[in-house]
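S.K.: fold the following and give me the result.
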Amino acid sequence: MVQSVKLIWLDGKLIPWEDANVHILTHTLHYGLGVFEGIRCYKTHDNRSAIFRLSEHVHRLFDSATICFMTIPYSADEISNAILETLKANEMQEGYIRPLVFIGDEAMGLHPQKNPIRVGIITWPWGAYLGEDGLTKGIRAKISSIARHHVNVSMTKAKICGNYVNSILAKLEVTRAGYDEAIMLDTDGYVSEASGENIFIVTHDLIRTTPLTSVLAGITRNSIITIARKMGYTIIEERFSRDEVYTCDEAFLSGTAAEITPIREVDDRPVGNGRPGPITKRLQEAFFDVVKGKDKQFESWLTYL
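M.R.: Predicted coordinates for the structure are as follows:
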């Protein structure tokens with residue numbers, strides 16, 4: 001359950017949480033054309049608060065809107081400032097941030113015509129997306145029968161609201177079977193990503209992740225690649241098959257919500273020894289040092305409140 005806070009930023013104003021409602025004919029509600037971001041603010045080691053890679057998230061929000069023929073009625077700086085304003089107004093030291101750009105109500109039908117483009121910014125406390133045990137012990141994953149989007153069907157480089165029906169179906173399929181997360185294949189049968197996270201595997205100290213073909217360009221994914229290379233690891237972007245996941249030494253997921261979550265089992269097969277591997281744990285520790293402001297070489301990734 002989402003824990004409510006005092007205020008939500010909607011169309012340029014901070015309003016009470018319970019008043020942030022939309023009309024039942026809101027176009028995005030019916031047809032799914034809207035874009036959003038997931039961003040985290042962390043309480044840092046020195047008791048300050050910092051948003052992780054704010055500018056990159058806002059830039060991707062605008063890119064997603066461009067792909068969808070949506071013109072956001074605010075500048076990138078205005079959205080960034082509104083995110084800071086909303087966190088401060090809710091007196092949040094850390095938490096999750098959800099900017100949402102959606103098409104309002106007026107005309108109905110597939111063509112949104114001149115319906116207004118509306119913007120909301122919601123913040124709330126949110127711990128480990130796949131559970132605290134998932135972060136420390138790893139999760140059980142299953143290959144879903146639901147294929148990931150084809151690049152010319154759903155615009156895979158945009159974080160589009162309606163795209164996530166694909167993810168929801170995969171997630172429901174595997175969780176109903178008792179697993180924690182779905183791993184999805186692309187339309188050629190190669191491993192794509194999880195329902196809401198990018199995937200990495202480690203084999204003989206070589207780290208691999210799916211290239212940016214059918215997958216969203218994850219900002220946490222990019223951060224892990226950068227951090228890993230700084231630590232001296234070899235990391236490559238290339239396709240791999242499901243049986244390579246079965247036989248890898250380590251595997252983990254990355255994402256704003258999931259952060260770095262180890263995978264301990266895939267399709268009832270243990271990954272490595274069935275526990276988070278040493279490289280995964282080192283990268284996880286390094287990542288949390290970065291977001292909590294302990295690693296000064298990545299200070300530019302933090303926007304302090």
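S.K.: find the helix or strand that E265 is a member of.
M.R.: Assigned by DSSP states H and E, E265 belongs to strand 259-266.
S.K.: sheet partners, orientation included, of that strand?
M.R.: Using DSSP bridges, strand 259-266 pairs in its sheet with strand 139-143 (parallel), strand 250-255 (antiparallel), strand 269-270 (antiparallel).
S.K.: of all those, which lies closest to L283?
M.R.: Closest to L283 of the strands paired with strand 259-266 is strand 250-255 (C-beta to C-beta; 7.5 Å). Every C-beta, even on glycine, is put in place using the N, C-alpha and C of the backbone.
S.K.: CA atoms only: put the closest one into PDB for me.
M.R.: Below are the C-alpha coordinates for strand 250-255, written out as PDB (Å, rounded to 0.1, in the frame of the first residue of the first chain):
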ATOM      1  CA  GLU A 250      25.500 -14.600 -10.500                       C
ATOM      2  CA  ALA A 251      22.500 -12.600 -11.600                       C
ATOM      3  CA  PHE A 252      20.900  -9.400 -10.400                       C
ATOM      4  CA  LEU A 253      18.300  -6.800 -11.400                       C
ATOM      5  CA  SER A 254      18.700  -3.100 -11.400                       C
ATOM      6  CA  GLY A 255      16.100  -0.300 -11.400                       C
END
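S.K.: got a list of contacts for it?
M.R.: Defining contact as C-beta atoms under 8 Å, 6 or more residues apart in numbering, one finds that strand 250-255 is touched by 38, 129-130, 139, 181, 194, 196-202, 218, 220-221, 223-224, 245, 260-263, 266, 271-272, 276-280, 283-284.
S.K.: which among those residues count as buried?
M.R.: Listed as buried from these are 38, 129-130, 139, 181, 194, 196-202, 218, 220-221, 223-224, 245, 260-263, 266, 271-272, 276-277, 279-280, 283-284; burial here means 16 or more other C-beta atoms under 10 Å.
S.K.: any idea of the pLDDT on the closest residue to I227 other than its chain neighbours?
M.R.: Leaving aside its sequence neighbours, I227 sits nearest to A286 (C-beta to C-beta, 6 or more residues apart in numbering; 5.3 Å). pLDDT for A286: 98.
S.K.: also the one 10 residues further on?
M.R.: At K296 the predicted local confidence, pLDDT, stands at 94.
S.K.: tally of neighbours for it?
M.R.: Neighbour count for K296, taken as other C-beta atoms under 10 Å: 9.
S.K.: go on, R275?
M.R.: R275: 16 neighbours (other C-beta under 10 Å).
S.K.: doesn't T136 make contact with it?
M.R.: No. Using C-beta atoms under 8 Å as the test, R275 is too far from T136 to be in contact (9.9 Å).
S.K.: list the buried residues of stretch 146-155.
M.R.: Residues of stretch 146-155 classed as buried: I146, A147, R148, H149 (neighbour count, 16+ other C-beta under 10 Å).
S.K.: secondary structure class for F102?
M.R.: Secondary structure, DSSP: H, G, I helix; E, B strand; the rest coil: F102 is strand.
S.K.: spit out the contact partners of it.
M.R.: V22, T26, H27, T28, L29, G34, I117, R118, V119, G120, C161.
S.K.: report the buried members of the residues you listed.
M.R.: Among the contacts of F102, the ones that count as buried by 16+ other C-beta under 10 Å are T26, H27, T28, L29, G34, I117, R118, V119, G120, C161.
S.K.: so which of those belong to helices?
M.R.: H27, T28, L29 (DSSP state H).
S.K.: and which of those is nearest to L206?
M.R.: T28 (42.1 Å).
S.K.: residue contacts, the closest one?
M.R.: Contacts of T28 (C-beta under 8 Å, 6+ apart): G34, F102, I103, C161.
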